[in-house]
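A.B. asks: Return a 3D structure for these sequence lines:
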Amino acid sequence: MARVGRQDKGADSTSGGGLVRLNVLRKVRHSIATGELRPGSRLTERELCETHNISRTAAREVIRQLDAEHLGEALPHQGLRIVRLTRKMVCEIYELRADLEALIVRAFIAKATNRPLKNVLEAPVSLSCLMPVASHFHQFHERARKTTRTGANTSGLRLFQQSAKRQINHLGVILGRLKKAIAAKVPEKIVEHSIRFISYMNEVADNQIVGEILAHLNARIELVRALAISWPGQAEAGYAQLDLIRQKIESGDAENAEIEIRRYIRMALNSAILQLNQETDQGTADRAQGGRVQDVKGRCA
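C.D. replies: Alright, predicted model coming up:
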């Protein structure tokens, strides 16, 4: 059975218990994402206790959380069986991810540039639960436009524009860190900075509902991201595509920024499927069919 990163023997598992559990949870997630904990293998409470010097109660809570995040299945008296990614699961996760991130990009552009959020209510979002989120941004920018037209607070508008420029420039800073991680070939940092590119935009957009949905999905998204960047050339191609998205955002081109974010996710999905096929010895047959992951919305045909 695979062993995950061991803490020092002197670690105190009784003080700061919540922080210790979060740290262990992060390490186990990473071990699942990198394949150190193989799909189908079992992770027991005893192994967690011995490896991380935590209590049986803390180990049980870690297993419960991983089960809730669908990174494994909690089995009575057997611990956690690590999830086996399937093509269907990967496609469903990335289809939803494409819709969420497209909405985030549009909302970020609208808030960072104070431009109307064009056609947000008609954006191709597959979940009806996201429509109130789109409506929220539409109402926010209608108020912002009215305030701007009055010209009542010119200095405030200048401050807003300066802040917007910093927000857009920070996307470049994140991409700089991503480029360094790719050059250094550090997979966990590549995943971390790729996620940060989107999570930062959502923080600026102040979209609590989308943030909550992404937080619920992020563990599985991280798992698929790790799978995707294992495919040769995907990390470099992904960086180039994110930089193109940044350029569209900088120019305030929401429509084409959305097209490019969906293309970026489709590219990652293709790589993840190819890597998954290879790992499950099904690559030859699926590649002969052309991957079947074709359209720009990231749908799986």
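
A.B. asks: switch to C-alpha atoms for all contacts and neighbour counts from now on
C.D. replies: Fine.

A.B. asks: At which residues are the helices of the protein located?
C.D. replies: 17-33, 45-52, 56-68, 87-113, 131-150, 154-184, 187-205, 208-229, 234-250, 254-279, 283-288 (DSSP state H).

A.B. asks: Relative to residue 77, which of these is closest?
C.D. replies: Counting by CA to CA, residue 77 lies closest to helix 45-52 out of the helices of the chain; the figure is 9.0 Å.

A.B. asks: now the angle from that closest one to helix 56-68?
C.D. replies: 110 degrees (axes from the mean of the first three to the mean of the last three CA atoms, to 10 degrees).

A.B. asks: Run the angle between helix 45-52 and helix 17-33 for me.
C.D. replies: Going by the same axes, to 10 degrees, helix 45-52 makes 100 degrees with helix 17-33.

A.B. asks: Count the neighbours of residue 76 for me.
C.D. replies: 7 (other CA atoms under 10 Å).

A.B. asks: Same question for the one 3 residues further on.
C.D. replies: For residue 79, the count of nearby residues is 21 (other CA under 10 Å).

A.B. asks: 22 is where my numbering starts, stick with that
C.D. replies: Will do, 22 is the new start, and the previous item becomes residue 100.

A.B. asks: Now do the contacts for the closest residue to residue 262 other than its chain neighbours.
C.D. replies: Leaving aside its chain neighbours, residue 262 sits nearest to residue 285 (6.0 Å; criterion: CA to CA, 6 or more residues apart in numbering). Residue 285 is in contact with 259, 262-263, counting by CA atoms under 8 Å, 6 or more residues apart in numbering.

A.B. asks: What average pLDDT does stretch 238-250 get?
C.D. replies: For stretch 238-250, mean pLDDT rounds to 86.

A.B. asks: For burial, what's the neighbour tally of residue 98?
C.D. replies: Applying other CA under 10 Å, I find that residue 98 has 8 neighbouring residues.

A.B. asks: do residue 240 as well
C.D. replies: Using other CA under 10 Å, residue 240 has 20 neighbouring residues.

A.B. asks: so who does it touch?
C.D. replies: By CA under 8 Å, 6+ apart, residue 240 lies in contact with 50, 90, 92.

A.B. asks: Let's see that with 7 Å instead.
C.D. replies: residue 90 (CA atoms under 7 Å, 6 or more residues apart in numbering).

A.B. asks: The one 3 residues further on too?
C.D. replies: Residues counted as contacts of residue 243 (CA under 7 Å, 6+ apart) are 54, 212.

A.B. asks: that older thread, ok, so of the contacts of residue 285, who is nearest residue 227?
C.D. replies: residue 263 (21.0 Å).

A.B. asks: per-residue pLDDT, the closest one?
C.D. replies: Confidence score, pLDDT, at residue 263: 97.

A.B. asks: What number of residues are in the vicinity of it?
C.D. replies: Applying other CA under 10 Å, we find 21 residues neighbouring residue 263.

A.B. asks: Could you measure from it over to residue 288?
C.D. replies: 11 Å (CA to CA, to the nearest Å).

A.B. asks: what do you get for residue 130?
C.D. replies: 23 Å.

A.B. asks: between those two, which one's more packed in?
C.D. replies: residue 130 (26 against 20).

A.B. asks: what's near enough to touch the more buried one?
C.D. replies: 270, 273, 275.

A.B. asks: Neighbour-wise, which one of those leads?
C.D. replies: The residue in those with the most neighbours, by other CA under 10 Å, is residue 275 (26 neighbours).

A.B. asks: Quick check: that one touching residue 127?
C.D. replies: Yes: if you go by CA atoms under 7 Å, residue 275 and residue 127 touch, sitting 5.4 Å apart.

A.B. asks: that older thread, among the contacts of residue 285, which one lies nearest to residue 69?
C.D. replies: Using CA to CA, those come closest to residue 69 at residue 259, 34.7 Å.

A.B. asks: Sketch out the low-pLDDT regions of the protein for me.
C.D. replies: Low-confidence segments of the chain, defined by pLDDT under 70: 22-38, 135-183, 302-322.

A.B. asks: Which parts of it belong to which domain?
C.D. replies: 38-103, 108-309 (automatic domain parsing).

A.B. asks: just how off-centre is the last one within its chain?
C.D. replies: It stands for domain 108-309. 9 Å (CA atoms, centre = their mean, to the nearest Å).

A.B. asks: From residue 63, how far out is residue 39?
C.D. replies: Taking CA to CA, one finds residue 39 at 24 Å from residue 63.

A.B. asks: what's the answer for residue 248, then?
C.D. replies: The value you get for residue 248 to residue 63, if CA to CA is used, is 20 Å.

A.B. asks: For these two, indicate the residue with more neighbours.
C.D. replies: residue 248 (24 against 21).
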